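>>> please find the sequence and the predicted model below.
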Amino acid sequence: MHPSSGERAGWKIDFLATAPASETSSGLSRAVWELAAELRARGHSPRVLYPTERPAVPDPYRGVPGVPVPLLKVPRRPFGRDIEAGKVASHCLDPAVDVVVGNDEKAGALTVPTSKGRGLPVRVQIVHDVALHTFDTLRPLEPKRGLRQSVGNWLDRRTLRKLEGEALARAQLLLVGSEMNRGLVERYYGIPSRRIHLQPHGVPDPLNIGTREEARGALRIPTDVPVVLFVGRTPERQGLPAALEAFRRMRPLFAGVRFVVVGSTLPTEPGVLSLGLVDEETKARAYRSADVFLFPAKYEGFGLAPREAMRYGIATIASAHVPLEGAESPKMVRVVRSDDPGDLASELADLLADTGARREMGEQGRLWADQFSYRRMAAQFEELLRPFLSRAA
């Protein structure tokens, strides 16, 4: 629903993102750009601000201007880059902006200009991940290096809690991508759940990059072997070691089986094709080539990668730490409750051995995941925002 005739033609919206539109390796950064583009199509005037050490004015993305936030000197202190990015971005905001949208802890250092008499701008915070929970989940997994490391972790956590806490507390409209994150925001920061709105993030539409055989040909994967896929930029958090071990255990059962990894890099070993960071077309070919998508994450605030895989119609196995509310298991996705690689290997072998089950799960999962379009995200964002702008006008 577009702004009504009683409202101004559109809102001026400044987003504070993590990267330029040209950097496609971060799916959640891309979601910010796509949301901005869909809001522009609905009659609004969005811009996307992003921190960079090499400021240069980029070409607009689908009509959305990018605004470089120059980081000329980053303080050597905990989360110094995030704090500096928020402070400098404060000077890059449009003085007449109606809405300012943050999407991570950088927004805690953002000073927003006020408009006399209008009560604007409205501050919005999109929670992709609860950063403090991610910190508490992953830092204990690091090798122990003594007292200096312990003190550093304590300082980092204290700074992160303050920065993220301020970003959340200042937001008039607080959006989370999953019920799991709603609970984590309440638990870590004491914000009542009634103040937290569920706003599922957008998931890219599948790219038309040809048939499965053509995609495999481009990646030099034989057409007659099973293919397991993992996509993720943070391997420890997203469970790449467990996925690799599961693959190793079931590999002797399937001749020629391949394990394709996108976004992370693994050492060379039999059956493993490690692509690292790739462009969108290569990632789409990896999705199109796969028989099963494996994602045993230890923590995910939304679960973008498995939803993207499901939009390609791939049978998906995920851990219980991935919030896939509304996706019935095992009809649409297989959820492995254990973190044991042996249990992952069993589920993986079962699906690779059953073509019919894979096909049916892939189709049911696709129907469910198709609801997460950027278009739908923009429409819901607009509806959630409208009451706040009506009161502030």
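Happy to help now that I have it. Numbers count the residues shown, from 1 in each chain.
>>> from now on I want contacts and neighbour counts done on CA atoms only, so please keep to that.
Fine.
>>> which residue ranges of the protein form strands?
Applying DSSP state E to the chain gives strands spanning 12-16, 45-52, 66-70, 99-102, 122-127, 173-176, 196-198, 227-231, 258-262, 272-276, 292-295, 315-319, 334-336.
>>> and residue 89, which of those strands is closest to it?
Closest approach to residue 89 among these is made by strand 66-70 (5.7 Å; C-alpha to C-alpha).
>>> direction included, what does the closest one pair up with?
strand 45-52 (parallel) (DSSP bridges).
>>> any idea how far residue 169 is from residue 108?
9 Å (C-alpha to C-alpha, to the nearest Å).
>>> the more surrounded of those two?
residue 108 (24 against 15; other C-alpha atoms under 10 Å).
>>> I figured the more buried one hits residue 167, correct?
Yes. With contact defined as C-alpha atoms under 8 Å, residue 108 reaches residue 167; the gap is 3.8 Å.
>>> related to what we said a few turns ago, looking at the strands of the chain, which is buried most?
strand 292-295 (a mean of 28; mean count of other C-alpha atoms under 10 Å).
>>> list of residues touching that strand?
The contact list for strand 292-295 (C-alpha atoms under 8 Å, 6 or more residues apart in numbering) reads 227-231, 238-240, 243, 306, 309, 314-319, 348, 351-352, 358.
>>> same thing with stretch 194-205?
Here stretch 194-205 makes contact (C-alpha under 8 Å, 6+ apart) with 31, 35, 173-179, 182, 302, 304, 307-308, 311, 372-377, 380-381.
>>> what about the stretch 101-250 of the chain, any weak spots by pLDDT?
Along the stretch 101-250 of the chain, segments meeting pLDDT under 70 span 115-117.
>>> where do the helices sit along it?
131-138, 147-170, 179-189, 212-219, 235-238, 240-250 (DSSP state H, counting those that start in this stretch).
>>> distance of residue 297 from residue 321?
With C-alpha to C-alpha as the criterion, residue 297 and residue 321 are 6 Å apart.
>>> oops, could you answer that again for residue 381 instead?
26 Å.
>>> the more surrounded of the two?
Per other C-alpha under 10 Å, whichever of residue 381 and residue 321 has more neighbours is residue 321, with 22 against 18.
>>> of the strands of the chain, which is nearest residue 83?
strand 45-52 (10.8 Å).
>>> what does the closest one rub up against?
10-20, 33, 36-37, 39-40, 64-71, 85, 89, 92.
>>> then stretch 239-251?
Here stretch 239-251 has contacts from 230, 232, 235, 257, 259, 294-298, 339-346, 348-349, using C-alpha under 8 Å, 6+ apart.
>>> apply 6 Å and report the result again.
Outside stretch 239-251, the residues that touch it by C-alpha atoms under 6 Å, 6 or more residues apart in numbering are 296, 297, 341, 344, 345.
>>> farthest-apart pair in the residues you listed, please.
297 and 345 (14.8 Å).
>>> per-domain residue ranges of the protein.
With domains defined by automatic domain parsing, the chain comprises 12-202+373-392, 212-369.
>>> save the contacts of stretch 239-251 as CSV, and put in distance to residue 163 and pLDDT too.
Shown next, in CSV, are these (distance: C-alpha to C-alpha, whole Å; pLDDT from 0 to 100):
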residue, distance to residue 163, pLDDT
296, 29, 97
297, 25, 94
341, 36, 96
344, 37, 97
345, 40, 97
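>>> quick check, nearest of those to residue 139?
Using C-alpha to C-alpha, these come closest to residue 139 at residue 297, 15.2 Å.
>>> ok, now how distant is the residue nearest to the closest one when sequence neighbours are not counted from residue 180?
Excluding the flanking residues, the one nearest residue 297 by C-alpha to C-alpha, 6 or more residues apart in numbering is residue 238, at 3.8 Å. When distance is defined by C-alpha to C-alpha, residue 238 is 16 Å away from residue 180.
>>> the two: who's more crowded?
residue 238 (24 against 19).
>>> gap between that one and residue 339?
12 Å.
>>> same thing with residue 372?
Applying C-alpha to C-alpha to residue 372 and residue 339 gives a distance of 27 Å.
>>> also residue 301?
Taking C-alpha to C-alpha, one finds residue 301 at 18 Å from residue 339.
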